[in-house]
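Participant: Model the structure of this input:
(2 chains)
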Amino acid sequence: MAGLELLSDQGYRVDGRRAGELRKIQARMGVFAQADGSAYIEQGNTKALAVVYGPHEIRGSRARALPDRALVNCQYSSATFSTGERKRRPHGDRKSCEMGLQLRQTFEAAILTQLHPRSQIDIYVQVLQADGGTYAACVNAATLAVMDAGIPMRDFVCACSAGFVDGTALADLSHVEEAAGGPQLALALLPASGQIALLEMDARLHEDHLEQVLEAAARAARDVHTLLDRVVRQHVHEASILLGD
Amino acid sequence: MTVSQPGERLCNLEEGSPGSGTYTRHGYIFSSLAGCLTKSSENGALPVVSVMRETESQLLPDVGAIVTCKVSSINSRFAKVHILYVGSTPLKNSFRGTIRKEDVRATEKDKVEIYKSFRPGDIVLAKVISLGDAQSNYLLTTAENELGVVVAHSESGVQMVPISWCEMQCPKTHTKEFRKVARVQPEFLQT
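Facilitator: Model prediction:
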C-alpha cells in the first residue's frame, strides 16, 4: 500500500490516534446465563466473545488429568464473517490451533490451578469481527469471563499489541497497520506484579528498539487494566444490588 | 461493602489470615476472586480476610468430604456411582466415583457381597477417601455407621423402610431386601 502513511509528520496515525493511544474499549460481563462465565469486549472494531466452563471433571480421556493441577483447555475460533474476505474454516486450522495454545499458556500462568486438581477448565473464544489485535482482545475477554465464572486467578491478564514505525513505537495496532508488514509484538501482562504472561513476535526487529516497543506495549496493557478494572467493579456492584446485599 | 478484584493487595500477613478467595505472596494477602471483601473478626485470633462471590463457584469433592451419590452400576468387585451433592451443595455437573468391595463395611470386609449392599438407583451417603490416580475416579467409602444407603426402591418400585443396618423392607409387599443401610442421625429425619 504505497502512499499510506502509518504515522504522519504531526504524529497522527491512520485513524487519527496518537502513537501510544488505545482504541475505544467497551466490555460486558455475564453475557450468557447458561455458561459458567462469559464476557464480550470491543476494542475499536475488533469484537471478541469469551465463554468459560468449569472447573468440571475431565471429559474424554481421563489419562490427561493432572494429579495436582487443573487442565486449562482453550479453543480459539474466528467467525467466517469476521474478516474482509469470507473465511473458509472457522477453527481447526493452524493459526487457530496456535492461538489456542498461546491462550492456554497465558491462562495457565494466571489461574490458580492448584486449587482444582484433576479437573478441567474450558475457555472458548470467538472473534466476531477482526480489525487487528485479535490476540489481545481474546485475552482481555477471556480474563473477564474467567472472573465472571468465579475461578480464582492470581491477577488480571491484560494484553495489547505494539508495532514500530519510523522510529516510534505504536500501541494497539489496527488491521491496516498490521497488514503494512512492520514488526508486531503481542504482550500479555499481569499488571499488579508487572510479570509477563506471554510475549510473542514473529517478525524482525533490531534489539535496540525492543526496549521501546516493549515499554509501549506494557503501558498500553496497564491502561487496558484500568478500563477492565472499572468494568469488573461495576458488574460486581450491580450483581450485589440485584441480590439486595 | 468493598469490591475487590484478582491481584488486589488486601493486607499484610500480620494484620489478617488468608481465607477463601485469597492467596498469599511475599508476606501479603492478595485477592483471587472478583467479589465482596469480608473480614470476620475472631476474638483473640487474627481476623480472617476472605472474598465472597454471590454465587458459590463449583465445589469439588475433597478428601474427607461427605458426599451424596447415586449408584449407576454394580459389579462383583465395586459399585460405580454418580456424585450429586458435596455436603449440602448440589453439583452442576456430576462426578464419577467408585466404592470398592473392601470399602463397603468396616468389619468382615472379605465377606461383603456388593449385590447385598447396593443396587443401581440407590442413593448413598459416602465419604471421599482419595481423589484417584490417572486411571480411576474418586474413591469413596461407606465403612461407617452413618454412611450407606439412605433411599432405596424395592423391586416393585416402592421406597423401602430400613429395619436394621443390613436390611430394608418394602411397605407394600413386605419383602425384605439386603442393603448396607446408613444410620441417619435423628435430627436429620423428617417426620
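Participant: Enumerate the residues of chain B near chain A.
Facilitator: When proximity is defined as C-beta under 8 Å from any C-beta of the partner chain, chain B approaches chain A at B:1, B:3, B:5-9, B:21, B:23, B:30, B:32-36, B:53-58, B:60, B:92-93, B:95-96, B:131-135, B:137. In this view, the C-beta of every residue, glycine as well, is placed from N, C-alpha and C.
Participant: quick one, longest strand in chain B?
Facilitator: Once chain B is assigned using DSSP state E, the strand that runs over the most residues is strand B:89-100.
Participant: what does that one contact?
Facilitator: Strand B:89-100 is contacted by residues A:36, A:56-57, B:56, B:58-61, B:67, B:69, B:77-85, B:118, B:124, B:126, B:128, B:132, B:136-142 when judged by C-beta atoms under 8 Å, 6 or more residues apart in numbering or on different chains.
Participant: picking up where we left off before, hmm, which of the residues of chain B next to chain A are the buried ones?
Facilitator: With neighbours counted by 16 or more other C-beta atoms under 10 Å in any protein chain shown, these contain buried members at B:3, B:5-8, B:21, B:23, B:30, B:32-36, B:53, B:57-58, B:60, B:95-96, B:131-132, B:137.
Participant: For stretch B:94-104, buried residues please.
Facilitator: Across stretch B:94-104, burial judged by 16+ other C-beta under 10 Å covers B:S94, B:F95, B:R96, B:G97, B:T98, B:I99, B:R100, B:K101, B:D103, B:V104.
Participant: How about stretch B:78-96?
Facilitator: Neighbour-count burial for stretch B:78-96, counted by 16+ other C-beta under 10 Å, picks out B:F78, B:A79, B:K80, B:V81, B:I83, B:Y85, B:V86, B:L91, B:S94, B:F95, B:R96.
Participant: And the very next helix or strand once past the longest strand of chain B, how far out from the chain middle?
Facilitator: Later in the chain than strand B:89-100, the nearest helix or strand by DSSP states H and E is strand B:123-130. Computed by C-alpha atoms, centre = their mean, to the nearest Å, the chain-centroid distance of strand B:123-130 equals 6 Å.
Participant: Can I get strand B:123-130 in CSV, CA atoms only?
Facilitator: The C-alpha trace of strand B:123-130 is given here as CSV (Å, rounded to 0.1, in the frame of the first residue of the first chain):
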residue,chain,number,x,y,z
ILE,B,123,-29.0,-43.0,47.0
VAL,B,124,-25.9,-43.5,49.1
LEU,B,125,-24.1,-41.3,51.6
ALA,B,126,-20.3,-41.9,51.3
LYS,B,127,-17.0,-40.3,52.3
VAL,B,128,-14.2,-39.5,49.8
ILE,B,129,-11.0,-41.3,50.6
SER,B,130,-9.0,-40.5,47.6
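Participant: so B:S17 makes contact with B:S50?
Facilitator: No. Counting by C-beta atoms under 8 Å, B:S17 stays clear of B:S50, with 9.6 Å between them.
Participant: neighbour count winner among the two?
Facilitator: Neighbours per residue (other C-beta atoms under 10 Å in any protein chain shown) separate B:S17 from B:S50, with B:S50 holding more: 22 against 17.
Participant: Please determine how far the residue nearest to the more buried one when sequence neighbours are not counted is located from A:F164.
Facilitator: In space, and not counting its chain neighbours, B:S50 is closest to B:G19: 2.9 Å by C-beta to C-beta, 6 or more residues apart in numbering or on different chains. Relative to A:F164, B:G19 is positioned 46 Å away (C-beta to C-beta, to the nearest Å).
Participant: for A:S77, same thing?
Facilitator: Distance of A:S77 to A:F164, given as C-beta to C-beta: 30 Å.
Participant: can you check A:T226 too?
Facilitator: Look at A:T226 and A:F164: by C-beta to C-beta, they are 24 Å apart.
Participant: Find me the pLDDT at the residue nearest to B:S50, would you?
Facilitator: Here the pLDDT value assigned to B:G19 is 86.
Participant: Show the contacting residues for it.
Facilitator: Shown in contact with B:G19 (C-beta under 8 Å, 6+ apart): B:T38, B:S40, B:V48, B:V49, B:S50, B:V51.
Participant: can you redo the buried residues of stretch B:94-104 as a markdown table with distance to A:Q105 and pLDDT?
Facilitator: Below are the buried residues of stretch B:94-104 laid out as a markdown table (distance: C-beta to C-beta, whole Å; pLDDT from 0 to 100):
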| residue | distance to A:Q105 | pLDDT |
| --- | --- | --- |
| B:S94 | 31 | 80 |
| B:F95 | 28 | 84 |
| B:R96 | 30 | 87 |
| B:G97 | 32 | 90 |
| B:T98 | 34 | 91 |
| B:I99 | 39 | 91 |
| B:R100 | 39 | 90 |
| B:K101 | 44 | 91 |
| B:D103 | 40 | 89 |
| B:V104 | 45 | 90 |
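Participant: shaky segments in chain B?
Facilitator: Counting by pLDDT under 70, chain B contains low-confidence residues at B:55-58, B:134-136, B:186-191.
Participant: picking up where we left off before, sort out which one of the buried residues of stretch B:94-104 lies nearest chain A for me.
Facilitator: B:F95 (5.0 Å; C-beta to the nearest C-beta).
Participant: hey, what's the closest one bridged with?
Facilitator: With DSSP bridges as the criterion, B:F95 is bridged to B:I83.
Participant: Around chain B, pick out the residues from chain A.
Facilitator: A:36, A:54-57, A:62-63, A:65, A:67, A:112, A:116-119, A:147-156, A:190-193, A:229, A:232-233, A:235-237, A:239-240, A:243, A:245.
Participant: swap the cut-off to 6 Å and go again
Facilitator: Residues of chain A found near chain B (C-beta under 6 Å from any C-beta of the partner chain) are A:55-57, A:63, A:112, A:116, A:118, A:147, A:150, A:152-153, A:155-156, A:192, A:232-233, A:236, A:239, A:243.
Participant: In contact with the residue nearest the centre of chain B, which residues are there?
Facilitator: Centroid-nearest residue in chain B: B:V67, 1.9 Å away (criterion: C-alpha atoms, centre = their mean). Applying C-beta atoms under 6 Å, 6 or more residues apart in numbering or on different chains to B:V67 gives the contacts B:P61, B:I83, B:V86, B:A126.
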